[in-house]
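S.K.: sequence-free structure coming up:
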């Protein structure tokens, strides 16, 4: 494990001596403990200087875009490239900046619970459809989905603090329809109405329209 390590593990960006704002983007650190599968470790993208807003791009040449956790820290900015996919199982923690390019997908996988932290999450496509997976969103945090989300398989979406809203803004294309999803404490009032077929309204939701399984909702 890394428990006994007291120093730092960093891949900060280089700096340019010629002008403010130039230089490389932050690199990546991947910590995988003994016995963990290759896709179960912790991905860290961290930058320590505010004046170099450079993008760490997860593109087609980055292999193995499946992790247990991702942590975006300080002044780092991560971008998921066009039509690329990133799979996360346990923790999404964005304390800096993230954006998904057109066609990109962030997918939550595995059977165990996941937690989403941050207020600068700009997903293009968000896929939460692993069977019965519970995903807890940080109370007060805002998550923007530029395309249409995929929620299915009786996943449960709720807040890290019961009774406190987590915010979901679906920009979408056309009507926004998802399938079997259970939701609680979700304020989707900043975007399009989310129409469901199946699943349950667990209470304290805004701008969701829950229909029983087998009922087709037609939006005119």
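M.R.: Structure received. Computed from a predicted structure; not experimentally measured.
S.K.: how many neighbours does residue 10 have?
M.R.: Applying other C-beta atoms under 10 Å, we find 12 residues neighbouring residue 10. In short, each C-beta sits where N, CA and C put it, glycine included.
S.K.: Now do the contacts for it.
M.R.: By C-beta atoms under 8 Å, 6 or more residues apart in numbering, the contact list for residue 10 reads 29, 46, 48.
S.K.: got a winner among these for most neighbours?
M.R.: Neighbour max across those (other C-beta under 10 Å) = residue 46, 23 neighbours.
S.K.: for that one, which residues make a bridge with it?
M.R.: residue 73 (DSSP bridges).
S.K.: Am I right that it is in contact with residue 11?
M.R.: Yes: contact criterion C-beta atoms under 8 Å: residue 46 and residue 11 qualify, at 7.5 Å.
S.K.: Overlap in contacts, the two.
M.R.: Contacts common to residue 46 and residue 11, judged by C-beta under 8 Å, 6+ apart, are 26, 29.
S.K.: Where does the prediction get shaky in the chain?
M.R.: Across the chain, the ranges flagged by pLDDT under 70 are 16-22, 53, 213-220.
S.K.: Let me see the ranges of the helices in it.
M.R.: Applying DSSP state H to the chain gives no helices.
S.K.: what is residue 58 paired to in the beta sheet?
M.R.: Note on residue 58: beta-bridge partners by DSSP bridges are residue 80.
S.K.: My read is that it contacts residue 86, right?
M.R.: Yes: between residue 58 and residue 86 there is a contact at 6.3 Å, judged by C-beta under 8 Å.
S.K.: shared neighbours, those two?
M.R.: 65, 80.
S.K.: contacting residues for the residue nearest to residue 92 when sequence neighbours are not counted?
M.R.: Nearest non-adjacent residue to residue 92, counting by C-beta to C-beta, 6 or more residues apart in numbering: residue 116, 4.6 Å away. Contacts for residue 116 (C-beta under 8 Å, 6+ apart) come out as 92, 135-138, 141, 143.
S.K.: and residue 44, what does it touch?
M.R.: With C-beta under 8 Å, 6+ apart, residue 44 has these contacts: 9, 28-31, 70-71, 73.
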